[in-house]
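A.B. asks: build me a structure from this.
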Amino acid sequence: MGIRHPSAGPSSRSINNIDVPSTSGDQELIVPSGVFLTFDFCSHASLNLTPIIVVDSDPPLDFETLDDINFGGAVGDSPVNSRLGSVEPPPAISAQRPLEFRTEYHPSADREPLHQAFDEFGINAHPEEQLPINEEPWRPFVSRRDFEFAEIALDAALNKSQINGLLALIGRISRGETQMTLKNDADLCKAWEHATEQVTPTHALPLWEWALDLLDTPVLAPHFVWDAQRVYKHNGTEFERFYNEPWTGDRWWDVQVHGLKAAPFCFILYADKTRLSSHGTVKAYPVVVRCANLPVAIRNGDGIGGGRVVGWLPIVSEDADEEGKPGFVNFKRVVWHESFQKLLEMVARYSKTGYSHQCFDKITHWLFPILLILSADYEEQYATEALNVYKISKGRGEALLKALGLRAVANIFWLIAYSDPHEAISFDRLHALHLGMWKHLLEELKKILKALGRSAEAKLENHDGNKMQDLSKQTFYSALNILTHRASPEGFQLLRLIGSYLQLDSYIGLDVHTTSTLAALDAELLVFNAALKDYVECASMSPIEDLKLDWDFPKTHLWKHVTRDIQMKGAARNYSTRPNEKLHGPLKEAYERQSNGKDVAGQILRIDQRKYTVKLLRLHVDALDEQRSLPDDEAEAEARPDVFEGHVKLGSPQPPVSIQDIENSRSQGDHAFRGFRRKFSDFVNTSLPGYGYQLQRWVTIPANFQIQEHRYLRVNYESVVDWRQTTDYLRCNPHFHGHPRYDCALIQLTQDVSAFVQLILMFKCQLPDVGSFELALVQPFTAGIIGAPRRIDRDFQLTRIKAVSRESSIFVPLRSFIRGAMLYPDPAHQDEFIVVDHIDSDMFMRMKTRARYR
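C.D. replies: The predicted structure follows:
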């Protein structure tokens, strides 16, 4: 999370239209004992600060009322809560949370509705630790060392000669014929440095077999979900239904309602062509399968239980003489469907009869395979859609197929009982938005910028889906002060369209949807359609040539399906092609590094199978190691440095320095450090009581008082979207990879007010007889913006904030940090910034809540 502006700060001295004197010279900024700087991380109130220049409170502050202050996730043994001497704040009183979640099971499950508290929801009642452990999980390899060598060789993509050479070397070392002095990569790098000084620098797996393998995998057994569910969360007023996993959607529920009294095994299928060679002459058509009965973290992950390549569809060679002829087009579609039939043969059979199978957990299920989701690129998806239209209306279907260069061929997916290819087709955010609608918007943007004399082609080139998604956000904020209504009416209308597009993209990308977010999505669709109409009208009268006037293409109409898809099959990530297309990378790497260009499909699929086998064996080996030697807390923390408990954790410590040295060395270049020692003394003596520390006397801060700077901070917070813990990584470093980086954050400034700040300094210190503290010097963005709200903010749904002067920087506890933030400086207005709310779904929803209370 960062901010794009130089470290030199703003000059305003007002906070929400309240004049605040600077703390330079002999003036002192006093935070009253009667003002509580407490923190409630569920608060989303607007910024409306009251004056804080008050010395005394009447009546005196009763510190017994501080018991229920919420410090946003800090733990009792954190450094901030430590006590020395006799000064101890009152203990916190824990409040029992209500039963927020309600789960309704399908009637065939014969289970009563389940009410759970927040801490109980989603907890697995069958932990994996209860499963038996295989004492020799590396089999069929003879020894563990054989397996580990095979794993390394496969991961490194070693060829035949490399493997033989490495094994021969290991054999000579083990026999004592030679010795190896290299111990790690650093030793190897040094050897290479010395050496370079001497020269001048100059193929198919049936789906049902894959399903049975998955069911027999021990670590996956506790995670399978068989019955449809309707889940709700209390929003403070009522239980509101939400949708996330496929089994929370209506499609799964309807399948079990309409006659299927057994456990559905739900497939997610993906198929799309890709280029293996860099020049594009060698292509592949992999088929990837996933299991919708597994949670999304497993299903969309890279490990066991994730996507698996199960087939390699043939690609019919193009013939210039036959291209476009009905017979040749029909032939290509017949080949596609007949090839798929080989994969679906057993699935189609058991979808009608069912299949009794005892899973690893010794529970027998009567399984019916279901095709729940088809995750496909536009061509494959729209071809299936056109065939469905053809079944209803031959005339309309032929028109759609003709536009694709296709003909009517029987759809193989209709052979699977309880499955409907029309219902299985799903909205794909990657191809419909990032590689679809955005690419059209980008082309329009290039034309307009070029007409304005601003060359955009060099910076706005085509990228893959991930880069295109990022580019849409960067372009929007960068163009706000270029495509004004006065400078370019058509550019302004296009920017309105892009702004609505980003709103829709953020809504669709939510991992958990509620009835409220779906209603907001539908409302934004109307905004987008109106903005598109306005742009077309403006473009038709523009002197700029070749602006797009006809937006009646298929991907424009895909929007109307997304809300229903979410209600039927859960969140959009359940049917996104993004995790499937991620599997193209290893296939391309295998072709380039481990194949000889012959029998490409056979070689690549053999390598892919080996990689899957290694993943499975490694999973068992790790389980055995964990059982035999469970690490203590310190060893585990060292092995996993990114995992920590609590709310915040500092990193990148610097040598301790005196507080006077900090002031002397930095105050000349940065006004935030002027009077640093005096400002810190005022904070300790006037603000600490607001955090629960009663001081018996005035604490004097000597010139040699030691503080230890830290330049890295990890912040754990609960996402407002899916209620899971998320971590942000913040930097406060003058030389981060050769450049200064001072990130921004959202903090709880008071009990009812949150605010954005920019980091200036993070440090630890120890106050005698008081305790240890983790603090930050920050520049708040709480200055009032003079005048009425700007049209640009209203038109583009922007959150605008303004920074106070650097002299008005303040100290805050690190515990007050909610999460990281990204701010974009408005070049037309000094010290004003725009919150980048599209940076992630959590920030997007926080800003929506904040806007409602402004």
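A.B. asks: below-threshold pLDDT in this structure: ranges please.
C.D. replies: 1-98, 124-131, 192, 195-203, 259-260, 317-334, 377-410, 454-466, 630-644, 854 (pLDDT under 70).
A.B. asks: look up how far residue 166 lies from the residue nearest to residue 851 when sequence neighbours are not counted.
C.D. replies: The shortest distance from residue 851 to any non-neighbouring residue, by Cβ to Cβ, 6 or more residues apart in numbering, is to residue 799 (7.1 Å). Heads up, the C-betas are built off the backbone N, CA and C, glycines and all. Distance of residue 799 to residue 166, computed by Cβ to Cβ, to the nearest Å: 57 Å.
A.B. asks: more neighbours: these two, which one.
C.D. replies: Per other Cβ atoms under 10 Å, whichever of residue 799 and residue 166 has more neighbours is residue 799, with 19 against 15.
A.B. asks: residue contacts, that one?
C.D. replies: Counting by Cβ atoms under 8 Å, 6 or more residues apart in numbering, residue 799 makes contact with 793, 834-835, 837, 847, 850-851.
A.B. asks: again with residue 654
C.D. replies: 708-711.
A.B. asks: which of those are buried?
C.D. replies: With burial judged by 16 or more other Cβ atoms under 10 Å, the buried subset of these is 708-711.
A.B. asks: of those residues, which belong to strands?
C.D. replies: 708-711 (DSSP state E).
A.B. asks: how about CSV for the buried ones among the contacts of residue 654, with distance to residue 341 added?
C.D. replies: Conversion of these to CSV gives the following (distance: Cβ to Cβ, whole Å):
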residue, distance to residue 341
708, 68
709, 66
710, 61
711, 60
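A.B. asks: which residue ranges of the stretch 751-854 of the chain form helices?
C.D. replies: 791-796, 841-852 (DSSP state H, counting those that start in this stretch).
A.B. asks: looking at the buried ones among the contacts of residue 654, spot the one nearest residue 561.
C.D. replies: Comparing the buried ones among the contacts of residue 654 against residue 561 with Cβ to Cβ places residue 711 closest, at 47.7 Å.
A.B. asks: I'd guessed the closest one sits against residue 733; true?
C.D. replies: Yes. Counting by Cβ atoms under 8 Å, residue 711 does reach residue 733; the two are 4.2 Å apart.
A.B. asks: returning to what we had before: can you tell me which of the buried ones among the contacts of residue 654 is nearest residue 504?
C.D. replies: The shortest approach to residue 504 among these belongs to residue 711, at 38.2 Å (Cβ to Cβ).
A.B. asks: how near is that closest one to residue 307?
C.D. replies: 39 Å.
A.B. asks: over to residue 624: give its phi and psi.
C.D. replies: Backbone torsions of residue 624, given as degrees, to the nearest 10, read phi -70, psi -40.
A.B. asks: the strands in the stretch 551-700 of the chain, which residues?
C.D. replies: 648-653, 657-658 (DSSP state E, counting those that start in this stretch).
A.B. asks: hmm, back to that, ok, the residue nearest to residue 851 to residue 500 distance?
C.D. replies: 16 Å.
A.B. asks: do the same with residue 281
C.D. replies: Residue 281 is 41 Å from residue 500, by Cβ to Cβ.
A.B. asks: again with residue 804
C.D. replies: Residue 804 is 33 Å from residue 500, by Cβ to Cβ.
A.B. asks: and the residue sitting furthest away from the middle of the chain, how far from residue 164?
C.D. replies: For the chain, the largest distance from the centre (Cα atoms, centre = their mean) belongs to residue 177, which lies 52.2 Å off. Look at residue 177 and residue 164: by Cβ to Cβ, they are 17 Å apart.
A.B. asks: look at residue 103 and give its secondary structure.
C.D. replies: Secondary structure state of residue 103, per DSSP: H, G, I helix; E, B strand; the rest coil, is strand.
A.B. asks: so who does it touch?
C.D. replies: 113-114, 116, 229-232.
A.B. asks: is residue 341 in contact with residue 412, as I believe?
C.D. replies: Yes. Taking Cβ under 8 Å as the definition, residue 341 is a contact partner of residue 412 at 5.1 Å.
A.B. asks: more crowded one of these two?
C.D. replies: Neighbour count, other Cβ under 10 Å: between residue 341 and residue 412, residue 412 has more, with 19 against 13.
A.B. asks: now the spatially closest residue to that one that is not a sequence neighbour: how far from residue 266?
C.D. replies: Once flanking residues are discounted, residue 412 sits nearest to residue 337: 4.4 Å by Cβ to Cβ, 6+ apart. The gap separating residue 337 from residue 266 is 22 Å, by Cβ to Cβ.
A.B. asks: between these two, which one's more packed in?
C.D. replies: Neighbours of residue 337 and residue 266, each counted by other Cβ under 10 Å, are more numerous for residue 266; the result is 25 against 16.
A.B. asks: residue 436: which of the contacts of residue 103 is nearest?
C.D. replies: Closest to residue 436, out of all of the contacts of residue 103 and judged by Cβ to Cβ, is residue 231, at 31.0 Å.
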